[in-house]
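Peer 1: Fold the following for me, if possible:
(chains A, B and C)
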Amino acid sequence: MAASLTAQVSTSQSSQSIVEAQDLKAYYITKAYGVERTVKAVDDISLAIQQGEVYGLAGESGCGKSTLLKVLLGEYEKPLTVVGGKVSYRFEDKLQDATSLSPEERQSLRWRKISYIPQGSMHVLNPVRRIRDSFYDFISAHRRMTKADAYQLTQNYLAELGLPAKVMRSYPHQLSGGMRQRVTIALATILWPKLIFADEPTTALDVVVQRGVIQLLKDIQQKEGSTIVLITHDLGCMPT
Amino acid sequence: MKLLKEFILPRILQWLIVIFVGVTLTFLIPRLSPINPIDNAMGRLTAFQSMSPEATLALRESLLDLYGLNGSLFSQYINFWKRVLVFDLGPSFTTFPTPVMRLISKSIGWTVGLLSLSIILAWVIGLILGSLAGYFPHAWWSRLMENMLISVYPIPYYILAFVLLMIFTYYWPIFPLVGGAKGTPAFSWAYISSLLYYGFLPALSLIVGGVAFRFIIAKALTVTERSSDYIRFAEMAGLSQRKVLFSYLIPNTLLPQVTDLGLSLGLIFEGALITEAVYGYPGLGSLLLSAINSADFNVIMGITLLSIVGIATASLLIDLSYPLLDPRVRYS
Amino acid sequence: MKTFIDLLRFSPSFRYGFIILLFVLILLSLSFFSPYAPNKRRVVPRNEPPSVKYVLGTNSQGQDVFWMLTFAIRNSLLVAGLAVLIGRGIGVILGLISGYLGGTVDRVLSAIVDSFMVIPRLPLLILIAAMVRGQMTLVGLGILLGLLDWSFPSKRYRAQVLSLKERDFTQTAVFSGMRSFSIVIQEHLPFILPFLLADIVSGFLFAIGMEVTLAILGLSDMNAQSIGTMIYWGNYYQALLTNKVWVLMAPIAASIIIVVGFYLLSIGLSNYLDPRTRLARLEMKVKTS
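Peer 2: Numbers count the residues shown, from 1 in each chain, chains lettered A, B, ... in the order given. Next up is the predicted model:
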């Protein structure tokens, strides 16, 4: 299955890697009524993603790219099990074994160093919370900050990304699909993470909006010098 | 404007229909009954005391008049509506000529107090426990709670109330049996504490059943909702479990629960009637029980009418509060 | 039948519920072999506590509580069964009409059903029962309960039909030229039947609870034995004050056992109806075969 995965390196600014995988094997092991079944979703993958690059992972649906992303991100639970190999992160020139991180350490990396942009869908944002309050929730989970400061930070960041200020007070259902996805991207990158995983961020958007979303990701990558790992089944979206 | 047209107006229309159907049913039932309520009432009234023939005749006339049984069915119906609209429910038979409305207004405060307190407590406790159990479905306390509440849930209100009464007033008599409070109503600690003391068991009976009902629904909703995209995104972003539970999960599962509360209000009210009758709590339930025992039809009819109007109105108010909780309805 | 065995095998709650109700059924059928007529008094010594001879004791009227209970269970289930039959009958018909016809018919029916759902039923029931007091029969009570318990089921059947109409296989059947009637019978009925089964159980819960409630208020057929009337007469002869608690315990325990049994059955059924567990079962069958 992993054979159909193609990896494409677009920009290479530095030779130092930020995330590495060695001989990674991750299987879905299900046990129902005494019958064990194994699906080898990621089988023997090795890769090294360089700092500051946009790393694309393309492949058909079901080829294991989302599973690989989950394992790289360290966000997986049973029945998905890592059977072999390891993942390491390099932050501040220190290479860490990601598989041996404690939940607390993992938690401290999340959003500040490593972030995640989910697939564009109706329901990624809490439907009964104003956008600015979602931002406050996400910021305050990692930084001690007053509500007013968090609002200010959000407002500045949205302006920087060219998003209208009025989304602050909106609820998710009041935004268009493209705008919702842009807000989600802003929400994922508000703490300037070094490493951003994006799981098909343009799915379910129309072509014009897709371009805008990709452009936004590129802007963020260039401004912050962060690394983006982009998953897509659509080669047209691959950054060139 | 759209909110008014698509949400508020249809709901108010439905409220009007309910009132109309309820009043019409209350009007028709005694008239369709194979038994003449007047003869029945007369039999009851004269069974305890002997009456002169003139008095009996006068009583019959006044009863016919009171029941609005004079004239054609249609004019009776119009008269019935006229009386209902000015809250004139006629006199009680057993405590003649006290108006039914006065009897009801004396006991309704007890019922509303008991009912609103136990509904709110049961709803909040059931919702929070159910959401917790749904969010941590594998914890031992979650399973224990579920098994306990599932065994309580199907037990009829009466049985539950009666078992509690047996335990806490006969075998381990720490709570009083009959009454609502001791002393004269005053804003004093002594009165309020006796109010709580007397109300504790009736409220407990209602709350236990209510919590079980709400718990089961809340847990099912939470189990479905916790796999939704926004919850997983928030969890991945490292939001604390408390934050996810109280700011993300519960505000969303709350919405169907509000609608459901409006729908189940009638059932809870029925439970309160029974519970009051069991404990001799001085509310509508006890009034109804004594009215049944003395065949005081006017009181029974009055309580029926009032409960239909009351429940319909309360559930209208609950439904109208829905837009306050759901921005998707509020700004659509 | 196959479904039934599956349920017994894989759903513990269904299994326990089934065992409990089987036990209730045995008690019920024992009533046909009772040595005493249900209303006959002074056939045994009065106020005997439970013993080997009188398993559940005797009451102050000289009746054997155990044999009374078998009659009571039979009558209570008869009332509930009748109520369920009528209530579900009306509910299914209205729900199906509303769901399949749609349009104005659906809007009018839905408005009626929604209004009935909000109306508290107990006061109406009490009003009716008080009017025919003394002449109430168990059959009458069953019919009455049935006439008041159709709005919730009807709403659920309507929703069920609406979701079935949206499913792919309905569209396929329509495009392949199948007649609407055969679609309903062949494609939809298999989905509605198990749903009906779970709904019947909840109807039993309502009817049993209401029978007890009305009897406590003295509004049922007070000369017949039922779970409710047993409690009523127990209270009437002051079983608690005179320390003859077994007279009350028997019907109370019976009512709890019956409702819990029915409820466990319904949990098992609704788990079975859940598409996710259905899928898991299907996968399992593939593997084991």
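Peer 1: Please make it C-alpha for all contacts and neighbour counts, starting now.
Peer 2: Fine.
Peer 1: For residue C:170, which residues are in contact?
Peer 2: Each residue near residue C:170 by Cα atoms under 8 Å, 6 or more residues apart in numbering or on different chains is listed here: C:164, C:183, C:187.
Peer 1: Now do the SS call for the second one.
Peer 2: Going back to what we said before, that points to residue C:183. Counting by DSSP: H, G, I helix; E, B strand; the rest coil, the backbone at residue C:183 sits in helix.
Peer 1: residues contacting it?
Peer 2: C:170, C:173, C:174.
Peer 1: and the residue of the stretch 151-289 of chain C nearest chain B?
Peer 2: Across the stretch 151-289 of chain C, no residue is closer to chain B than residue C:209, which sits at 5.0 Å (Cα to the nearest Cα).
Peer 1: part of a strand, is residue A:30?
Peer 2: Yes. Membership of residue A:30 in a strand is supported by three-state DSSP.
Peer 1: May I ask which helix or strand encompasses the nearest residue to it once chain neighbours are set aside?
Peer 2: Counting by Cα to Cα, 6 or more residues apart in numbering or on different chains, residue A:30 lies nearest to residue A:37, which is 5.3 Å off, once chain neighbours are set aside. Per DSSP states H and E, residue A:37 falls inside strand A:35-50.
Peer 1: Beyond that strand, next helix or strand please.
Peer 2: strand A:54-58.
Peer 1: Find the nearest non-adjacent residue to residue C:11, please.
Peer 2: Closest residue to residue C:11 apart from its sequence neighbours, by Cα to Cα, 6+ apart: residue C:268 at 5.7 Å.
Peer 1: so for the stretch of helix or strand the residue of the stretch 151-289 of chain C closest to chain B belongs to, what's the average pLDDT?
Peer 2: In the assignment (DSSP H and E), residue C:209 maps to helix C:189-216. Per-residue pLDDT values over helix C:189-216 give a mean of 85.
Peer 1: Can I get the contacts of residue C:183 in TSV including pLDDT and secondary structure?
Peer 2: Written out in TSV, the entries for the contacts of residue C:183 read as follows (pLDDT from 0 to 100; DSSP: H, G, I helix; E, B strand; the rest coil):
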residue	pLDDT	secondary structure
C:170	75	helix
C:173	77	helix
C:174	77	helix
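Peer 1: Go through those and say which is closest to chain A.
Peer 2: Nearest to chain A among these: residue C:170, at 27.1 Å, using Cα to the nearest Cα.
Peer 1: Let me see the ranges of the helices in chain A.
Peer 2: For chain A, applying DSSP state H gives helices covering A:65-73, A:103-109, A:131-140, A:147-160, A:177-189, A:207-224.
Peer 1: Make CSV out of the ones you listed and add distance to chain C, mean neighbour count and mean pLDDT.
Peer 2: Supplementary listing: those in CSV, determined by distance: least, Cα to the nearest Cα, whole Å; neighbours: other Cα atoms under 10 Å in any protein chain shown; pLDDT from 0 to 100:
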stretch, distance to chain C, mean neighbour count, mean pLDDT
helix A:65-73, 22, 21, 83
helix A:103-109, 31, 14, 81
helix A:131-140, 32, 22, 93
helix A:147-160, 40, 16, 91
helix A:177-189, 25, 23, 89
helix A:207-224, 29, 16, 83
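Peer 1: what does chain A have sitting close to chain B?
Peer 2: Applying the criterion Cα under 8 Å from any Cα of the partner chain, the portion of chain A that neighbours chain B consists of A:75, A:107, A:110-111, A:115-116, A:118, A:123-128, A:137-138, A:141-142, A:171, A:173-174.
Peer 1: and if we set it to 6 Å?
Peer 2: Residues of chain A lying close to chain B (Cα under 6 Å from any Cα of the partner chain) are A:123, A:124, A:125, A:126, A:141.
Peer 1: Which of those residues sits closest to chain B?
Peer 2: Closest approach to chain B among those (Cα to the nearest Cα): residue A:124, at 4.1 Å.
Peer 1: Per-residue pLDDT of the closest one, please?
Peer 2: Listed pLDDT for residue A:124 reads 89.
Peer 1: Can you tell me how far it is from residue A:187?
Peer 2: In this structure, residue A:124 and residue A:187 are separated by 11 Å, where distance is defined by Cα to Cα, to the nearest Å.
Peer 1: which stretches of the stretch 151-289 of chain C form helices?
Peer 2: Counting by DSSP state H, counting those that start in this stretch, one finds helices in the stretch 151-289 of chain C at the ranges C:151-166, C:168-175, C:180-182, C:189-216, C:227-236, C:246-273, C:275-288.
Peer 1: any residues touching the fifth one, and which ones?
Peer 2: What it means is helix C:227-236. Helix C:227-236 is touched from outside by C:72, C:212, C:215, C:216, C:248, C:251, with contacts defined as Cα atoms under 6 Å, 6 or more residues apart in numbering or on different chains.
Peer 1: which parts of that helix are buried?
Peer 2: Neighbour counts using 16 or more other Cα atoms under 10 Å in any protein chain shown place C:227, C:228, C:229, C:230, C:231, C:232, C:233, C:234, C:235 of helix C:227-236 among the buried residues.
Peer 1: Sketch out the low-pLDDT regions of the stretch 1-150 of chain B for me.
Peer 2: The stretch 1-150 of chain B contains residues with pLDDT under 70 at B:1, B:34-37, B:40-41, B:43-51, B:66-69, B:96.
Peer 1: Tell me the residues on it that lie near chain C, please.
Peer 2: Residues of the stretch 1-150 of chain B lying close to chain C by Cα under 6 Å from any Cα are residue B:18.
Peer 1: how far away is the closest residue to chain C within the stretch 1-150 of chain B from chain A?
Peer 2: The nearest approach of the stretch 1-150 of chain B to chain C comes at residue B:18, 4.9 Å away (Cα to the nearest Cα). As defined by Cα to the nearest Cα, to the nearest Å, residue B:18 lies at a distance of 31 Å from chain A.
Peer 1: cool, residue B:100 as well?
Peer 2: Relative to chain A, residue B:100 is positioned 47 Å away (criterion: Cα to the nearest Cα).
Peer 1: Quick check, pLDDT for residue B:219.
Peer 2: Residue B:219 is assigned 90 on the pLDDT scale.
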